[in-house]
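**Q** one predicted model, sequence on top.
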Amino acid sequence: MPVSPEFDIIADYLQEGLVTELQVRRPARTYGGLPKPVSGKFPTPFSPPIASGNLIKKIKVYWTEGIFEGTPELVVEMPDYYFFVDAGRRPGRFPPLNAIDRWAVQKQGLTNIRNEKGQFIPRKSQVFLYARSIAQFGFAGTNFIQKTIDKILPDLENQIGNAAAEYLQELIDDNRLIILPQD
């Protein structure tokens with residue numbers, strides 16, 4: 001049973017909301033939600049929210065026929081690392097250095113970092129420092145999925161209400177509304 005086109009608005013709103021929420025700048029925080037400790041006199045940094053943009057580019061939201069009697073299901077496809085972006089990562093073990101290296105190369109604002117003597121820090125050393133920080137403090141999740149749902153739900157309720165009214169009017173206009181007498 002395919003979903004009525006009027007209700008494609010749900011998939012569109014959800015996809016747009018997820019992309020918008022992923023673009024919000026957030027301060028660096030530990031897994032427990034505290035500001036990440038920064039050595040010296042510098043405040044907790046805000047970083048650009050997007051590294052490669054792959055997570056945003058690869059989000060797909062669509063309807064599919066469900067496995068139970070053809071009921072429609074809303075599907076959200078994202079790269080597998082969305083979980084760490086959403087839920088964060090606990091401290092404990094070092095993350096894979098090659099993944100941190102790829103992230104550091106793509107992330108804006110992480111190049112040409114200097115030490116206290118004014119010398120540039122080599123990228124391999126930066127990658128180790130990022131990984132050590134993640135191993136020591138973890139990082140807080142963005143909770144972007146729940147925040148998106150909380151933001152779009154009120155607006156979506158209004159839109160669905162309008163779409164449902166339009167759909168009902170279409171049924172009436174096309175004589176597809178069936179009224180059966182009771183016994």
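**A** On my side now, so go ahead.

**Q** rest of the way, CA atoms for contacts and neighbours
**A** Fine.

**Q** other SSEs contacting the longest helix anywhere in the chain?
**A** Using DSSP state H to define each element, the chain has its longest helix at helix 144-173. Packing partners of helix 144-173 (3 or more C-alpha pairs under 8 Å, 6 or more residues apart in numbering; DSSP states H and E): helix 8-22.

**Q** what angle separates the helix it packs on from helix 144-173?
**A** 160 degrees (axes from the mean of the first three to the mean of the last three C-alpha atoms, to 10 degrees).

**Q** helices or strands up against helix 8-22?
**A** strand 60-65, helix 144-173.

**Q** most packed of these?
**A** strand 60-65 (a mean of 16; mean count of other C-alpha atoms under 10 Å).

**Q** identify the neighbouring strands of that strand in the sheet and state each direction.
**A** Using DSSP bridges, strand 60-65 pairs in its sheet with strand 72-77 (antiparallel).

**Q** may I have the strand it pairs with as PDB, with CA atoms only?
**A** C-alpha atoms of strand 72-77 as PDB (Å, rounded to 0.1, in the frame of the first residue of the first chain):
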ATOM      1  CA  PRO A  72       4.100   2.000   5.200                       C
ATOM      2  CA  GLU A  73       7.300   2.600   7.200                       C
ATOM      3  CA  LEU A  74       9.400   5.700   7.300                       C
ATOM      4  CA  VAL A  75      13.100   4.900   6.600                       C
ATOM      5  CA  VAL A  76      16.000   7.100   7.500                       C
ATOM      6  CA  GLU A  77      19.300   6.000   6.000                       C
END
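
**Q** now do the buried residues in it.
**A** Neighbour counts over strand 72-77 (16 or more other C-alpha atoms under 10 Å) mark Pro72 as buried.

**Q** likewise stretch 87-96?
**A** Those would be Ala87, Gly88, Arg89, Arg90, Pro91, Pro95, for stretch 87-96 by 16+ other C-alpha under 10 Å.

**Q** coming back round to it: in CSV, list the helices and strands packed on helix 8-22 along with mean pLDDT and distance to Lys117.
**A** Shown next, in CSV, are those (pLDDT from 0 to 100; distance: least, C-alpha to C-alpha, whole Å):
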stretch, mean pLDDT, distance to Lys117
strand 60-65, 81, 47
helix 144-173, 78, 39
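
**Q** CSV for those, including distance to Val105?
**A** Listed next are the helices and strands packed on helix 8-22 as CSV, based on distance: least, C-alpha to C-alpha, whole Å:
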stretch, distance to Val105
strand 60-65, 26
helix 144-173, 24
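
**Q** Gln15 is nearest to which of those?
**A** strand 60-65 (5.8 Å; C-alpha to C-alpha).

**Q** how far off centre is that closest one?
**A** Taking C-alpha atoms, centre = their mean, to the nearest Å, one finds strand 60-65 lying 17 Å from the centre of the chain it belongs to.
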